[in-house]
Each structure stands twice: as C-alpha cells, then as structure tokens.
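**Q** Pasting the sequence and the predicted model now:
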Amino acid sequence: MRFGAAVLRSYDGPFTVEDVLHTGPAEGEVLVRIAGCGMCRTDLAVRHSAGRSPLPAVLGHEGAGTVVQTGGPRTGLSNGDHVVLSFDSCGRCRSCLRAAPAYCDSFAPLNLFGGRTENPVRFTDPAGAALAPRWFGQSSFAAYAVVLARNAVRVDPSLPVALLGPLGCGFLTGAGAVLHTFGAGPGDTLAVFGAGAVGLAAVMAATASGAVTVAVDRHPERLALAERFGATALHAAASDLPGRVRRLTDGGACYALDTTASAPLINDALQSLRPTGHLGLVARLHTALPLEPGALDRGRTLSHLCEGDAVPGLLIPRLTALWQAGRFPFDQLIRTYPLADINEAERDCEAGRVVKPVLIPPHGDG
C-alpha cells in the first residue's frame with residue numbers, strides 16, 4: 001500500500017511529507033489508520049543522536065488510530081478497534097516477564113536503533129529505496145502504521161482518538177512516575193522540576209491522587225498551566241529554591257521528578273526532598289552529573305525512570321478513565337497541526353510555544 005508520511009532524510013534537514021510504500025501486517029501485527037500522533041522531544045533528539053539512529057526514517061511514537069487490518073487471528077484486536085500505540089518490547093526477557101517492559105533487555109535496539117529482526121518493517125520510498133525500520137515500533141508520523149498487537153492498547157471508541165496518542169509516551173511517563181514509581185497519594189508531597197508535557201502530566205496525576213504538588217519552571221505560561229492543574233508554581237530562578245520547596249511541602253517533598261536534565265536543578269530537587277525522599281529523572285543526561293555535598297544525605301535516593309515504569313495496557317485505560325471523570329485534562333496541553341505542517345510544529349515545540357503538538361494526517365480524525 002502507498003500512503004503519506006513525514007520522512008526525515010538528514011539529521012539537520014527538514015521533514016518532508018512524501019509517499020511511502022508498505023507491504024502490510026505480518027502475523028501478529030496490525031495495520032492502524034493514524035488519527036493523530038504526538039510529537040515528543042525524543043523524536044527530535046534523533047537530530048543529535050550522533051548518527052546512531054538510522055536515516056532516512058519515518059519517526060513518531062505517540063500514535064493513535066483505528067485498526068483496519070490484522071495479521072492473523074491471534075492479535076486480540078479487530079478491524080474498527082480504536083487503539084493507542086506505545087513502545088516496543090520483546091515480551092520474553094526477565095524485565096518483560098516481571099511486568100517492566102520499559103526496562104526490556106532489547107529496548108534500545110527495538111525502539112531506537114533498527115527495530116526487530118523478525119518481521120522487520122517493510123518501508124520503502126516510491127523509488128524502492130529502503131527507509132529505516134519502525135521507530136519505537138510505530139513510525140506513526142504517517143497516515144498508517146504497522147505495529148505488533150503487543151504495542152497497541154484498545155480504548156473506548158467514544159474517546160477523541162486523534163488526541164490520545166501522547167498517552168502512549170509523554171503523558172504516560174509523567175503520570176506513571178507519580179502513580180506507579182512513587183505511588184503518591186493523599187498526604188504525600190511532590191515537586192516537579194520542568195513543567196513541559198511530562199511534568200504537567202505528573203502534576204495532573206498528583207492532583208488526581210490527592211498529593212500536594214509544587215511545580216518549577218522558567219516559562220510563566222507553563223507555571224500558569226501548573227497552577228490551573230492544582231500545583232503551587234515557583235520560578236526556576238527564584239532564590240533559595242530548595243528552601244522554598246521545603247517550606248511549601250511541610251519540611252520537604254516526599255518525591256521529586258526532574259524532566260530538565262539540568263545539573264543545578266537536579267541538585268535543587270535533591271535538596272528539596274525530605275529524609276528518605278526519592279528523586280526520579282526522566283531526561284537522559286549527556287554530561288557528568290556533579291552532586292553537591294549533602295545532596296544525597298539522610299536516606300534520599302536518585303533513580304532514572306523510563307516510560308513511567310508503566311505497563312501501557314494497564315495505565316492507558318486508567319488515564320482515559322481519569323480524563324472522562326474530569327481529573328486528567330491532558331487535552332488542554334495539546335495543539336493540533338496538519339501533518340504537512342510538521343516543521344512548524346517542531347519549531348513551536350523547540351521554542352516552547354506549544355506543550356504537546358499533535359499531528360493530524362490528511363485523512364482526518366478517523
């Protein structure tokens with residue numbers, strides 16, 4: 001089949017929307033008509049991957065849409081099902097068997113560096129030149145995506161499917177950190193450093209769970225959103241930031257989440273914690289992390305979190321139920337763009353003019 005997709009052909013070049021060819025789903029896969037796909041900073045980080053992520057490629061890993069073809073009878077999905085697509089995992093390693101697919105032994109090769117060796121994606125351009133295997137098991141900056149049924153989470157068809165894609169990664173990561181990693185609940189306190197898509201999803205999840213939240217950012221409009229979702233806002237340049245957080249959280253936050261990868265803010269986050277507090281990092285560090293004296297004293301812990309420690313098939317329905325109850329208003333973070341405007345969406349994302357761009361393929365919202 002032939003369909004439109006946004007192709008990145010060089011690390012410093014623009015996306016180009018062009019026709020691509022695909023042979024359709026193999027056994028255990030499904031063909032999904034993409035209604036919308038979120039743009040995540042992980043997609044944009046390909047430009048700075050030092051050539052490790054193969055190009056040319058169709059990126060996009062926050063897709064959602066409608067199943068239009070299944071590869072065999074054992075996918076557990078049917079034509080017409082609405083699905084949210086999430087990251088790939090092998091399903092066989094120790095982490096996957098322990099319900100921790102984000103820590104799959106094969107996470108990097110499956111999602112970042114070339115995809116599966118069995119049933120590899122069969123993308124080409126009209127001239128027959130191969131495109132890189134599917135990105136995060138999806139490559140959903142496109143009108144269609146072929147994914148393993150394992151990657152696809154069925155959702156209520158009454159939901160606005162075009163807006164649901166970010167629940168598969170960005171919003172999953174922030175909410176999962178609060179609900180799964182920290183297990184935050186009433187009486188707990190949380191400090192969120194960086195009020196982008198992941199951080200604001202954490203704020204919404206914390207409010208829904210009954211925790212008291214402080215949000216730190218340098219963009220006034222992001223801080224205003226954090227306040228709308230129930231947090232107390234602090235500017236990142238405020239003097240004595242750890243002291244302010246401790247005063248607002250009755251002696252220190254039980255948990256902190258950093259989305260910035262900024263060494264000074266990570267140290268501030270650690271020093272904002274109460275004794276035995278836990279700081280989770282979600283952004284990848286690209287340089288050494290110097291810790292200030294005392295930052296890890298008194299039982300404080302520091303860990304890196306991947307995909308919110310979530311099992312997508314469990315957390316995504318929980319988040320959609322919270323949205324339906326008015327307690328996780330993620331749609332307020334989204335601005336939609338036609339797929340043809342993907343380069344504008346990237347510029348707006350990099351400039352902080354939009355929290356979560358969602359790209360809509362030309363066939364509409366499915």
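**A** It's in.
**Q** Surely residue 316 is within a strand?
**A** No - looking at residue 316 with DSSP: H, G, I helix; E, B strand; the rest coil, it is helix, so not inside a strand.
**Q** Low-confidence ranges, the stretch 1-150 of the chain, go.
**A** 50-51, 114-121 (pLDDT under 70).
**Q** Please, which helix or strand holds residue 207?
**A** helix 197-209 (DSSP states H and E).
**Q** C-alpha coordinates for that helix, CSV please?
**A** These are the backbone C-alpha positions of helix 197-209, laid out as CSV (Å, rounded to 0.1, in the frame of the first residue of the first chain):
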residue,chain,number,x,y,z
ALA,A,197,4.3,17.7,28.7
VAL,A,198,5.8,15.1,31.1
GLY,A,199,6.0,17.4,34.1
LEU,A,200,2.4,18.7,33.6
ALA,A,201,1.1,15.2,33.2
ALA,A,202,2.8,14.4,36.6
VAL,A,203,1.1,17.5,38.1
MET,A,204,-2.3,16.3,36.9
ALA,A,205,-1.8,12.8,38.1
ALA,A,206,-0.6,14.1,41.5
THR,A,207,-3.7,16.3,41.9
ALA,A,208,-5.9,13.3,40.9
SER,A,209,-4.2,11.2,43.5
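**Q** Check which helices and strands the helix or strand that comes right after it sits against.
**A** Sequence order places strand 212-217 as the next helix or strand after helix 197-209, per DSSP H and E. Judged by 3 or more CB pairs under 8 Å, 6 or more residues apart in numbering; DSSP states H and E, strand 212-217 is in contact with strand 189-193, helix 197-209, helix 220-228, strand 232-235, helix 241-248. (Each C-beta comes from the backbone N, C-alpha and C, glycine too.)
**Q** Just the mean pLDDT for the helix holding residue 207, thanks.
**A** For helix 197-209, mean pLDDT rounds to 98.
**Q** helices and strands around that helix, which ones?
**A** helix 170-176, strand 189-193, strand 212-217, helix 220-228, strand 253-258.
**Q** Tell me how many other residues crowd residue 158.
**A** Using other CB atoms under 10 Å, residue 158 has 9 neighbouring residues.
**Q** Next: residue 306.
**A** Using other CB under 10 Å, residue 306 has 17 other residues around it.
**Q** CA atoms only for stretch 34-49 - export them in CSV, please.
**A** Extracted C-alpha coordinates of stretch 34-49, given in CSV (Å, rounded to 0.1, in the frame of the first residue of the first chain):
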residue,chain,number,x,y,z
ILE,A,34,-3.4,7.0,12.3
ALA,A,35,-5.8,9.7,13.5
GLY,A,36,-3.2,11.7,15.3
CYS,A,37,0.4,11.4,16.5
GLY,A,38,2.0,13.5,19.3
MET,A,39,5.5,15.0,18.7
CYS,A,40,7.8,14.1,21.6
ARG,A,41,11.3,15.5,22.3
THR,A,42,12.6,12.0,21.8
ASP,A,43,11.6,12.2,18.2
LEU,A,44,13.5,15.5,17.9
ALA,A,45,16.6,14.1,19.7
VAL,A,46,17.3,12.0,16.7
ARG,A,47,18.9,15.1,15.2
HIS,A,48,21.5,14.9,18.0
SER,A,49,22.0,11.1,18.1
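**Q** Pull out the buried residues from it.
**A** 34, 35, 36, 37, 38, 39, 40, 42, 43, 46 (16 or more other CB atoms under 10 Å).
**Q** From the chain's centroid, how far away is it?
**A** Computed by CA atoms, centre = their mean, to the nearest Å, the chain-centroid distance of stretch 34-49 equals 9 Å.
**Q** Same check on stretch 44-62?
**A** Its chain's C-alpha centre and that of stretch 44-62 lie 15 Å apart, by CA atoms, centre = their mean.
**Q** just stretch 250-260 next, same as before
**A** Taking mean C-alpha positions (CA atoms, centre = their mean), stretch 250-260 and its chain are 20 Å apart.
**Q** picking that back up, what is the orientation angle of the helix holding residue 207 with helix 220-228?
**A** Between the axes of helix 197-209 and helix 220-228, defined by axes from the mean of the first three to the mean of the last three CA atoms, to 10 degrees, the angle is 20 degrees.
**Q** I'd guessed residue 200 sits against residue 223; true?
**A** No - Residue 200 is beyond contact range of residue 223, at 10.4 Å (criterion: CB atoms under 8 Å).
**Q** okay, these two: which has more neighbours?
**A** More crowded of residue 200 and residue 223, by other CB under 10 Å: residue 200, with 30 against 20.
**Q** Which residues are in contact with the more buried one?
**A** Residues in contact with residue 200, defined by CB atoms under 8 Å, 6 or more residues apart in numbering, are 174, 215, 222, 225, 226, 229, 333, 355.
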